[in-house]
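S.K.: Sharing a model that was predicted from the sequence below.
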Amino acid sequence: MRVRSSVFACFILVCEVVGVALFLRGFFPVPVKSSFSSKSRLSDLPAEPLAGEPSASPHLAVRLPQPLFRRVVLMLVDALREDFVFGPSGGSDMPYTRSLVEKGSSLSFVAKARPPTVTMPRIKALTTGSIPGFIDVVMNLNSPALLEDNLIWQAKTAGKRIVFYGDDTWVRLFPKHFMEHDGTTSFFVSDYTEVDNNVTRHLDSTLKRDDWDILILHYLGLDHIGHISGPHSSLVQPKLLEMDDIMKKIHSSLVSKEAEGSLPYLLVLCGDHGMSETGSHGGSSEPEVNTALLLVSPAFKRKGRLRKPAVVEQVDLAPTLALGLGLPISQNSVGRVIPGVLEEAPLRDQLRFLHLNGHQLSCLLRDSMADHEKEAGFEQFRVAEKAHGSWMKLYLEGNTSEVLTNMGKKVLKQYLEALAAMSSALSKQLGKYDLYSMIAGMVFLLLVLLLAMPEALSGTATVDLPVLSSLLSLPFYLLCLLLASVHVLVCTSAESSCYFCSLSWGLVFAAVAFSSAMFCILISVATRRLPLGPTIHGKSPMRSSGGEWSLSELDVLLLAGTVAHTLSLAASSFVEEEHQTWYFLLNTLCLAVFQDVCRKYFREERSSGDDDEHLLPSKDSHSSAHPKPEMISEKWFALATPPFTLVCCRLLRSLNQTGVQWAHLPDVSHWLNSSEHKMVLSLLSAFCLLLIYLLVQRRCSLVSKVALALGLLGVYSYRAAVGNVLFPWQHSGRTASKGTVEARFVYVFVLGILFSGTKDLLRSQIITADAKLKSRGLWEIYSGLVLLVSLLFRAHNLPVLCCCLLIQTLMARFIWRKLHYDAAQTTIMHYWFGQAFFYFQGNSNNIGTVDISVGFVGLESYIEAPAIFLTALSTYAGPLLWACHLVCYLSSERERSPVAVSHGCYCLALLRSVPAAAYIVLVTVLRYHLFIWSVFSPKLLYESMHLLLTAGVCLFFITMEQSHSSSKS
């Protein structure tokens, strides 16, 4: 079966996407869960230990300490960093809360949240006490119901009446659990006022009532302000003062309703995650993981001075609240009770609380680790439990001596040490890898890549796939038998459940047959390509006519740079600062291109007339003797392009600080976004939009030119509406709006330009083979994409888009075409530029740098599909614009062979596949590395998403190659 090489490349890339998806399914572990009953119940709780008794007496077996609190109010302020409360500005930003911290009956802590620091996994951690898997970042967009054991379910089962107002993620996680609720969407980040007013409007009436036991309030405004303008915005202090007033209102109401002789209340103020210096979250930096935790209750000692807050884990709140309300601890909790909460309780109750927590952790440890008995914490708990039994025996005998008190304090200390050790051991484990899925996905990916590489290095336009002969060959049946045997062996001997083993046998054997057939076909294709004989139909770009390998200096640089970048991914520091690698490679590429330009225009212009004519082709045969003025200007433009590109890249590096080490340093974007420089930002934005129009409109039809001009005017109007820039007649104090009308105005012109370009493409491919019509359609689609990106980019990032278009224009006109670079070299250069511009935008390998606010441009409410599309497009705008420009450039170059588009597609697929495959191998080897979840896992998600987008671009390549072939014929 003969297929075009671009179709073959796209098929290989889709197979690699399947392999990566399979690897991700095994790599992101299933969180540690107990295999006992699905929920903890009071009947399952152990008896108090008693020395000399094989089983506790009945009255001890059912005894639970009296709950510590009657009512609990949980006030969760999204993105409440610890320095917002405990920092130097806390006294002025939250004065009442700070007075409670310094002088009130309260306990203050810095609660450390584990990455990923996004809302839904943090809510899971707060309510279950478990550490959610990293894949919950994806689930954060559409939270399903939480089925595992959790505090909300336990409270509802115990008859507690729960009222909730705030982020509707709670309503989706806990459906039918709340007696009363009112949810607000958490994803419409442009709103930071109404989203909190919708919570506060219920507060007065609810606080006056006595028909609830637990009140949960989740305020989102502070987080939305962070996404819009960062933690140092002028909007932050008014919002913190608003939260402080609410805290004062709740506390005053609880104090006024405090009855003599009844159980005290508990008021909890906490954050689900912090906020980075850029205002985002999701990563593992200190500002993102350090959150404020304040517990206020008359049950605590009144403090006389400010003390440095102690550090606890965020998951510790779940067992603390459970025991404080007299509820069982969730089975999957890895947290330990906060000791300060128990200080005023009787010693017997303190020991009983710690024993219950220790029993739950020891059961989870036993269930999740085969060699749990070797864990120091497990043994410490057994020792403490025995000592507790001895203390109980003396206590029940009526011993009231000081020896009993000292012995009890010793047991208390033993329990605390055991809890800390067991909690640490469980937190480090996080979950169990599905090694079967990981290895299957990795082997599938590597074999597909290695077997397809010989075909990628050839220059043929078509690939002959021996499908029938491979299916009838003996190796196919042997491979089927081998893979089926491995599957049966693994599934019958595996101690832990595997994803593949849960599938039906018919589906598994169908996958085995497909994999075996594909491997046999690829092996047949590869073996034909490996003996490099003289019968190759197309000429490889890296081979001379004599059959020997011939690499230019630029080829060596491109190959060495790509390989070096792939190897650098093995180090966590290089992953965190990957932008530095691409900046260095791009600068080196510009110098190498500059050397080629100098060689062309200076050294080789003294060559013979024939060589001169070959190097500088001209329509006039006598032009070499008397060069025209336009050729002289062309020469100097070509010489100026690499240095100009270097200057642009240096300026863009200063625009957005990214990475980890220097991300906190001020950059040009912070300067531009400050309120006193808004006029400068306005002038810069207007200039960039004008330059974008001049660069893009040259290849568009008249209608598209008009649409593009009106669309760019709408972009500026949108930025003025949301308060980023100003019109000359506009006052800076004008209240900002959401800009919904202006954004939709731009969307109309984006769709119109895309429709016009698609119409021209279809006409050139179906009705008439017109190369000019096809080229115009391609560039119109590209201009529509540019208009959409200019709308999504923040105002300070418009210079990035402007420099991108300017470099593309100069390189295409004076470098790639004039120096006769082949499709492979041009593709690699586009790929390098795309990677560098990904970081010029301010992106990094930290999930916290993803700007989710662009997902709601022009939307009144959260709509999942458009939000995901717009966010992905904005994040990967750099690589996508350069990849689309590559398609347009190769397809519109009439001098190139029909194989050029196909070869470019194959090179792009190979460039994206090699790092992804190598990184998967590295992640497998480093799966127990200290930074596996904070550094390597986010990068794995970025690589997977980039591979998926590349597959989509290659599909576009296939369409363009068909059109190219039609126009050639």
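M.R.: On my side now, so go ahead. Source: prediction; values computed, not measured.
S.K.: Endpoints of stretch 847-864, how far apart?
M.R.: When the termini of stretch 847-864 are compared using Cα to Cα, to the nearest Å, they are 19 Å apart.
S.K.: Which residues in it does the neighbour count mark as buried?
M.R.: Buried residues in stretch 847-864, counted by 16 or more other Cβ atoms under 10 Å: 847-859, 862. No exception for glycine: its C-beta is placed from N, CA and C like everyone else's.
S.K.: Which single one of these is nearest to T875?
M.R.: V850 (5.7 Å; Cβ to Cβ).
S.K.: how about the nearest residue to that closest one, chain neighbours excluded?
M.R.: Distances taken as Cβ to Cβ, 6 or more residues apart in numbering place T875 nearest to V850, at 5.7 Å, with adjacent residues excluded.
S.K.: how about that neighbour, what does it touch?
M.R.: T875 makes contact with 841, 843, 850-851 under the criterion Cβ atoms under 8 Å, 6 or more residues apart in numbering.
S.K.: Could you measure from L792 over to G834?
M.R.: As judged by Cβ to Cβ, to the nearest Å, L792 and G834 stand 17 Å apart.
S.K.: Check L947 too.
M.R.: Distance, L947 to G834, using Cβ to Cβ: 14 Å.
S.K.: before we move on, back to that, tell me which of the buried residues of stretch 847-864 is nearest to L207?
M.R.: The shortest approach to L207 among those belongs to Y862, at 29.5 Å (Cβ to Cβ).
S.K.: quick one: the closest one and R122, what's the gap?
M.R.: Separation of Y862 from R122 (Cβ to Cβ): 19 Å.
S.K.: any weak-confidence spans in the stretch 351-500 of the chain?
M.R.: Scanning the stretch 351-500 of the chain for pLDDT under 70 picks out 370, 429-432, 453-461, 494-497.
S.K.: That one: strands as residue ranges?
M.R.: Under the criterion DSSP state E, counting those that start in this stretch, the stretch 351-500 of the chain contains strands at 431-432, 462-464.
S.K.: Same check on the chain?
M.R.: Applying DSSP state E to the chain gives strands spanning 2-4, 30-31, 71-77, 106-112, 162-167, 180-184, 214-219, 265-270, 290-296, 310-313, 431-432, 462-464.
S.K.: Could you export the ones you listed as JSON lines, including mean neighbour count?
M.R.: Formatted as JSON lines, the strands of the chain follow (neighbours: other Cβ atoms under 10 Å):
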{"stretch": "strand 2-4", "mean neighbour count": "14"}
{"stretch": "strand 30-31", "mean neighbour count": "18"}
{"stretch": "strand 71-77", "mean neighbour count": "23"}
{"stretch": "strand 106-112", "mean neighbour count": "23"}
{"stretch": "strand 162-167", "mean neighbour count": "24"}
{"stretch": "strand 180-184", "mean neighbour count": "17"}
{"stretch": "strand 214-219", "mean neighbour count": "24"}
{"stretch": "strand 265-270", "mean neighbour count": "23"}
{"stretch": "strand 290-296", "mean neighbour count": "25"}
{"stretch": "strand 310-313", "mean neighbour count": "17"}
{"stretch": "strand 431-432", "mean neighbour count": "16"}
{"stretch": "strand 462-464", "mean neighbour count": "17"}
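S.K.: any chance of the ones you listed in JSON lines, plus distance to A638?
M.R.: Formatted as JSON lines, the strands of the chain follow (distance: least, Cβ to Cβ, whole Å):
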{"stretch": "strand 2-4", "distance to A638": "34"}
{"stretch": "strand 30-31", "distance to A638": "57"}
{"stretch": "strand 71-77", "distance to A638": "57"}
{"stretch": "strand 106-112", "distance to A638": "56"}
{"stretch": "strand 162-167", "distance to A638": "56"}
{"stretch": "strand 180-184", "distance to A638": "57"}
{"stretch": "strand 214-219", "distance to A638": "58"}
{"stretch": "strand 265-270", "distance to A638": "61"}
{"stretch": "strand 290-296", "distance to A638": "53"}
{"stretch": "strand 310-313", "distance to A638": "60"}
{"stretch": "strand 431-432", "distance to A638": "56"}
{"stretch": "strand 462-464", "distance to A638": "36"}
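S.K.: quick one: contacts for P346?
M.R.: Listed by Cβ under 8 Å, 6+ apart, P346 has no contact partners.
S.K.: mind running it again at 10 Å?
M.R.: By Cβ atoms under 10 Å, 6 or more residues apart in numbering, P346 lies in contact with 65-66, 352.
S.K.: next one: L948
M.R.: Shown in contact with L948 (Cβ under 10 Å, 6+ apart): 13-14, 16-17, 20-21, 872, 876, 912.
S.K.: Just the buried ones among the residues you listed, please.
M.R.: Buried subset of the contacts of L948 (neighbour count, 16+ other Cβ under 10 Å): 13-14, 16-17, 20, 872, 876, 912.
S.K.: What about these, which are in helices?
M.R.: Judged by DSSP state H, the buried ones among the contacts of L948 include 13-14, 16-17, 20, 872, 912 as members of helices.
S.K.: Lowest-confidence one in the residues you listed?
M.R.: The member of those with the lowest pLDDT is L13, at 75.
S.K.: isn't that one right next to V914, touching?
M.R.: No: applying Cβ atoms under 10 Å as the test, L13 and V914 come out as separate, 12.0 Å apart.
S.K.: Identify the contacts common to the two.
M.R.: When contacts are counted by Cβ under 10 Å, 6+ apart, L13 and V914 are jointly contacted by L449.
S.K.: Neighbour count for L947 and G834, which is higher?
M.R.: Legend: neighbour count by other Cβ atoms under 10 Å for L947 and G834, higher for G834 (25 against 22).
S.K.: list the contacts for the more buried one?
M.R.: 582, 804, 876-886, 908, 911, 946.
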